[in-house]
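Student: Fold the stuff below for me.
(2 chains, ligands or ions: 2)
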Amino acid sequence: MIEQYIVLGLAQGSLYALMALGMVLIFKTTDVVNFGQADMTMFSAYVGFTLLVGLGWPFWAALPVVIAFGFLLGVAVERLTLRPAKEAPVVSLLIVTLGVALMLNAMASWIWGFDPKSLPYAISGPPLVLGNIIITRHDLVIFVTTIVLSLGFFALLKFTKIGTAMRAAAQNKLGAQLLGIPVFRINMLSWGLGVALGAVAGVLIAPLVFLDLVVMIFVMLKGFAAAVLGGFTSLPGAIIGGLLVGLFESLLIAVPFELVNQLKETLVFLLIIVLLAVRPQGLLGEPIHRRV
Amino acid sequence: MLALKDIEVRYGPIVALRGVSLTVSAGEIVAVLGANGAGKTTLLRTISGLLRPTQGKLEFLGHDLRRFSPEHIVRLGIVHVPEGRQLFPDLTVKENLWMGSYTRRDGFIKEDWERVLSYFPVLRERLSQPAGTLSGGEQQMLAIARALMARPKLLLLDEPSLGLAPMTVQALFRFLKDLNSHDGMTLLLAEQNAHLSLNIAHRAYVLETGRIALEGAAEELRRDPKVQRLYLGAEVSAG
Ligand SMILES: Nc1ncnc2c1ncn2[C@@H]1O[C@H](COP(=O)(O)OP(=O)(O)OP(=O)(O)O)[C@@H](O)[C@H]1O
Ligand SMILES: [Mg+2]
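Tutor: Ligands and ions are numbered 1, 2, ... in the order given. Down below sits the predicted model:
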């Protein structure tokens, strides 16, 4: 029985991990916490809804389009709203991301209305049974997507020139600029990739919940919690944090007390607060040193 | 190669440079001397495009530098080793050097890699070590090596001697001298250490509160009573 909850938790956790990875990537390179991540994810998921339900596309065709949409949305947000305000203090930039969020929310309500939507599973069909564990095909898609994207990201950052330049610019903007590394283009790329990761999480999570204008806020908060748990500057930390949040949440459902089940959201955050009190830098984070 | 004419640079209402004219010819070492706050860093940051002059002309190999972004100026061949080195501390030595050649597409990167490592053999032993774990002297070597990987035509150095032991500083200046005489590298060196700078430079400028107070051949300045009193003498009595 417990194994089943672990599988469920890991599947949920994978999605929080993607969300957290996107937020950490943006934060690391641009110092901005994207408070608009929820609404960008929500909007991308609605685009997925239009493709999958409205136009009847198969999942494998819709996914790349949703990823591309998320990427372009991130690029546009950086280019159109953040770069013009580049001299402003970071707090103002956070507010800019909130402003973008409100705008996207209003646009989504205008295009798709207020009724919750339901999205189809990525692959339908009978679940796989392994001993006493049942894995749905959708969960399988979630696992594969998360593993492929995480490995892809590490390879990008570790082995490619542009990925190394992204890490370089995250560590020292001035140093990067003086070597001819186009820091603004790198910021734009980070935003594109970060929002695209959220978009993937969005279309994968939407079939498990009802898609409406606010549901992604909870996903983002758990992604945020996962990122904080992982140290907020560590990409592997974001993934481990996501899996842990998902697991913990799922195991709370397994507890045979009604009250615990109902308070699971609160308890997830409580756990994180306790963990951070013990280890303020998160699981894999380093003590934050402000750049000057 | 590089020509500044009547440059004025401001930080808001503060005028940090006024009426600065300066030239650097290919193959020269030119030193810019001055006390704290004289405007040396401001001058180098203006040349590399980080600051925009409010007045004056700024030309490099026939290009008007005022039109270019810092990234583009690197591509034109000016590479700036900034104050405080600005390395990527969590990247390895190898990755730092790789980023030095970021803008390049030519076929000589491998060749430069070998050459640069032959200048600084100690870096070769530390290739897979994070740059943040190097000693101060090694970090300064890495900052210069990284800049050389960009294959500069003009290398700007902002107080390379800062924070280094006297022995290390001497070795560093000997290296800069060799880089100029053997490889023909053109250098613009901003320094407070007037004594060593005037030893290796061909010509020098003395900046005082944003203006050029003196300029001339290095030997002349070394003999100049004012320079001796303010920059060379002061160092002897302070050291
Ligand atoms: N960002 C800034 N905003 C306002 N004023 C500045 C700024 N940077 C430098 N200044 C001022 O401009 C003047 C020149 O500074 P600069 O850093 O160029 O001097 P420097 O010769 O490099 O000094 P040091 O030897 O201490 O590095 C100083 O009076 C300094 O206070
Ligand atoms: Mg300075």
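Student: Packing partners of the longest helix along chain B?
Tutor: In chain B, taking DSSP state H as the definition, the longest helix is helix B:166-183. Packed against helix B:166-183, as judged by 3 or more Cβ pairs under 8 Å, 6 or more residues apart in numbering or on different chains; DSSP states H and E, are the following elements: strand B:29-33, helix B:136-148, strand B:186-191, helix B:194-200. C-beta coordinates here come from the backbone N, C-alpha and C atoms, glycine included.
Student: isn't there a helix covering A:Pro120?
Tutor: No: judged by DSSP: H, G, I helix; E, B strand; the rest coil, A:Pro120 forms no part of a helix; its state is coil.
Student: so who does it touch?
Tutor: A:52-53, A:59, A:207 (Cβ atoms under 8 Å, 6 or more residues apart in numbering or on different chains).
Student: follow-up on the earlier one: the longest helix of chain B versus helix B:136-148: what angle between them?
Tutor: On the basis of axes from the mean of the first three to the mean of the last three Cα atoms, to 10 degrees, helix B:166-183 is oriented at 20 degrees to helix B:136-148.
Student: ok, back up a step: okay if I get the helices and strands packed on helix B:166-183 as CSV plus mean pLDDT, distance to A:Ile240 and mean neighbour count?
Tutor: Output for these, formatted as CSV (pLDDT from 0 to 100; distance: least, Cβ to Cβ, whole Å; neighbours: other Cβ atoms under 10 Å in any protein chain shown):
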stretch, mean pLDDT, distance to A:Ile240, mean neighbour count
strand B:29-33, 97, 50, 26
helix B:136-148, 96, 32, 22
strand B:186-191, 97, 46, 25
helix B:194-200, 94, 51, 21
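Student: And the ones you listed: which comes nearest A:Ala176?
Tutor: When these are compared by Cβ to Cβ, helix B:136-148 sits nearest A:Ala176, at 11.0 Å.
Student: Could you name the helices and strands sitting against the closest one?
Tutor: Under the contact definition 3+ Cβ pairs under 8 Å, 6+ apart, helix B:136-148 sits against strand B:78-81, helix B:93-100, helix B:109-119, helix B:121-124, strand B:154-158, helix B:166-183.
Student: can you do 7 Å?
Tutor: Helix B:136-148 sits against strand B:78-81, helix B:93-100, helix B:109-119, helix B:121-124, with contacts defined as 3 or more Cβ pairs under 7 Å, 6 or more residues apart in numbering or on different chains; DSSP states H and E.
Student: B:Val24 reaches B:Leu188, doesn't it?
Tutor: Yes: judged on Cβ atoms under 7 Å, B:Val24 makes contact with B:Leu188 at a distance of 5.4 Å.
Student: Let's verify the closest residue to ligand 1 within the stretch 1-150 of chain A: helix, strand, or coil?
Tutor: Closest contact between the stretch 1-150 of chain A and ligand 1, by Cβ to the nearest ligand atom, is at A:Glu87 (12.3 Å). The three-state label for A:Glu87, taken from three-state DSSP, comes out as coil.
Student: Kindly report the same for B:Ala38.
Tutor: Classification of B:Ala38 by three-state DSSP places it in coil.
Student: Got the phi and psi for it?
Tutor: phi -70, psi -30 (degrees, to the nearest 10).
Student: Counting neighbours, what do you get for it?
Tutor: 22 (other Cβ atoms under 10 Å in any protein chain shown).
Student: Please determine how far it is located from ligand 2.
Tutor: 8 Å (Cβ to the ion, to the nearest Å).
Student: likewise A:Leu252?
Tutor: In this structure, A:Leu252 and ligand 2 are 57 Å apart, going by Cβ to the ion.
Student: Quick check: that residue is in a helix.
Tutor: Yes: assessed by three-state DSSP, A:Leu252 belongs to a helix.
Student: Residues touching the longest helix of chain B, excluding its own?
Tutor: Residues from elsewhere that reach helix B:166-183 (Cβ atoms under 7 Å, 6 or more residues apart in numbering or on different chains): B:29, B:119, B:137, B:140, B:160-161, B:164, B:185, B:187, B:196, B:200.
Student: rerun that using 10 Å as the cut-off
Tutor: Applying Cβ atoms under 10 Å, 6 or more residues apart in numbering or on different chains, the contact partners of helix B:166-183 are B:27-29, B:115, B:119-120, B:135-138, B:140-141, B:144, B:148, B:155, B:157, B:160-165, B:185-187, B:189, B:191, B:193, B:195-197, B:199-202, B:239.
Student: What residues of that helix count as buried?
Tutor: Across helix B:166-183, burial judged by 16 or more other Cβ atoms under 10 Å in any protein chain shown covers B:168-169, B:172-173, B:175-177, B:179-180.
Student: Averaged pLDDT, that helix. What do you get?
Tutor: The pLDDT scores in helix B:166-183 average 95.
Student: Tell me how far it lies from the chain's centre.
Tutor: Counting by Cα atoms, centre = their mean, to the nearest Å, helix B:166-183 is centred 13 Å from the centre of its parent chain.
Student: what's the answer for stretch A:145-155, then?
Tutor: Distance of stretch A:145-155 from the chain centroid (Cα atoms, centre = their mean) equals 13 Å.
Student: Please pull out the lowest mean pLDDT helix or strand from chain B.
Tutor: Of all helical and strand segments in chain B, the minimum by mean pLDDT, DSSP states H and E falls on helix B:234-238, at a mean of 46.
Student: For B:Arg126, what is the enclosing helix or strand?
Tutor: Using DSSP states H and E, no element contains B:Arg126; it sits outside every helix and strand.
Student: pLDDT value on the spatially closest residue to it that is not a sequence neighbour, please?
Tutor: Nearest residue to B:Arg126 in three dimensions, chain neighbours excluded: B:Val93, at 5.0 Å (Cβ to Cβ, 6 or more residues apart in numbering or on different chains). What the model reports for B:Val93 is a pLDDT of 98.
Student: Let me know how buried B:Val93 is, in neighbour terms.
Tutor: Neighbour count of B:Val93, defined by other Cβ under 10 Å: 28.
Student: Touching, it and B:Ala143? I think so.
Tutor: No: when contacts are counted by Cβ atoms under 10 Å, B:Val93 is not listed as touching B:Ala143 (11.2 Å).
Student: wait, what's in contact with the residue nearest the centre of chain B?
Tutor: Chain B has B:Leu157 as the residue nearest its centroid, 1.3 Å off, counting by Cα atoms, centre = their mean. Neighbouring residues of B:Leu157 by Cβ under 10 Å, 6+ apart: B:29, B:31-32, B:44, B:79-83, B:140, B:143-144, B:147, B:172, B:176, B:187-191, B:197.
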